[in-house]
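In: coords below, sequence missing:
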């Protein structure tokens, strides 16, 4: 079967089935944001993320410093999604010969600034040459007192998201529209100033800032929104074996996204529901929980539905970004 037919998540499902005979010390293996390993009384979290030039980033409209920030941020987001704290980061790089040593210095500057703010130590890694673009591979290790997985959602739980969604996807659209301007600025001084009226959207795409939840004691399941709200909510439904209903008028959309979408004659909810790379946290918890997060729906027994402003109900699919399928 072609991977374009199977898709990223179908491939992961096949690999997961082949790796069932894991060590008893592995509490959570393949299929969540991070693996959970029992080490005495401790619970160790391990997550790995790759970023490939041409797939995840385009060096013609990001600086190496911004790229370094995002590289660590997406790994931190996975640890936060399991209720943990990040600690040690291992960096492996495949570097094209066209890169300068100063480029890698700048990449590490972006990584180290975020690492310092996040309490992360760079602990090791590997370097090698690459014949086809820059390759970033990171492994982040963290710890948690209470592990939160995707599989704990219960019928009757509320569905919450910790921040507005869709900003990053719109930021990418705006960034592409200014590609020549950005390239010109990079050649001059490597510091970018955007002419757009919505620089915050571009910043959210280039330099996401994941935040942990302060209190996860009542959270029943959690995931970070990396592939899109609909597809990531579907992951919770699949793992928890439940359904979900969400309300369009409850989806948090920033004023910047609404304005930019209006200018481009696009619908902001298309970005909010399917955009991805928001790195906000999507979680479920009892309805009465006290939280600053946005409540967008409820967990139900079966089915996946979205209700519009007029109360009309339709099924939703796991739409969002998925490798190999070219979405």
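Out: Looks like it came in fine. On a predicted model such as this, the values are computed, not experimentally measured, just so you know.

In: in this structure, which spans are strands?
Out: With DSSP state E as the criterion, the chain has strands at 26-28, 35-39, 42-52, 85-95, 121-129, 135-143, 158-161, 221-224, 243-247, 281-285, 294-300, 304-307, 313-315.

In: quick one: closest of those strands to residue 176.
Out: Proximity to residue 176, assessed across the strands of the chain by Cβ to Cβ, is greatest for strand 42-52 (17.7 Å). In this view, the C-beta of every residue, glycine as well, is placed from N, C-alpha and C.

In: residues of that closest one that come out buried?
Out: By 16 or more other Cβ atoms under 10 Å, the buried positions in strand 42-52 come out as 43-47, 49, 51.

In: now do that strand against strand 35-39, angle only.
Out: 150 degrees (axes from the mean of the first three to the mean of the last three Cα atoms, to 10 degrees).

In: got the contact list for strand 42-52?
Out: Outside strand 42-52, the residues that touch it by Cβ atoms under 8 Å, 6 or more residues apart in numbering are 27, 33-38, 56-57, 67, 70-71, 74-75, 78-79, 82, 84, 133-145, 147.

In: comparing the strands of the chain, which comes out most buried?
Out: For the strands of the chain, the largest average neighbour count (mean count of other Cβ atoms under 10 Å) is found in strand 281-285, namely a mean of 27.

In: that one - what's its average pLDDT?
Out: Averaging pLDDT along strand 281-285 gives 98.

In: and stretch 134-142, by the same measure?
Out: The average pLDDT for stretch 134-142 rounds to 97.

In: same check, this time on stretch 92-102
Out: Stretch 92-102 carries an average pLDDT of 94.

In: run through who's touching that stretch.
Out: Counting by Cβ under 8 Å, 6+ apart, 104, 125-139 sit against stretch 92-102.

In: what is the end-to-end distance of it?
Out: Taking Cα to Cα, to the nearest Å, stretch 92-102 runs 17 Å from one end to the other.

In: circling back: and of the contacts of stretch 92-102, the nearest to residue 240?
Out: Among those, and counting by Cβ to Cβ, the member closest to residue 240 is residue 139, at 27.0 Å.

In: give the contact list for the closest one.
Out: By Cβ under 8 Å, 6+ apart, the neighbours of residue 139 are 46-48, 75, 89-90, 92.

In: just curious, which of the residues you listed is nearest to residue 151?
Out: Using Cβ to Cβ, residue 47 is the member of the contacts of residue 139 that lies nearest residue 151, at 16.9 Å.

In: tell me what the closest one is bridged to.
Out: In this structure, residue 47 bridges to residue 140 when assessed by DSSP bridges.
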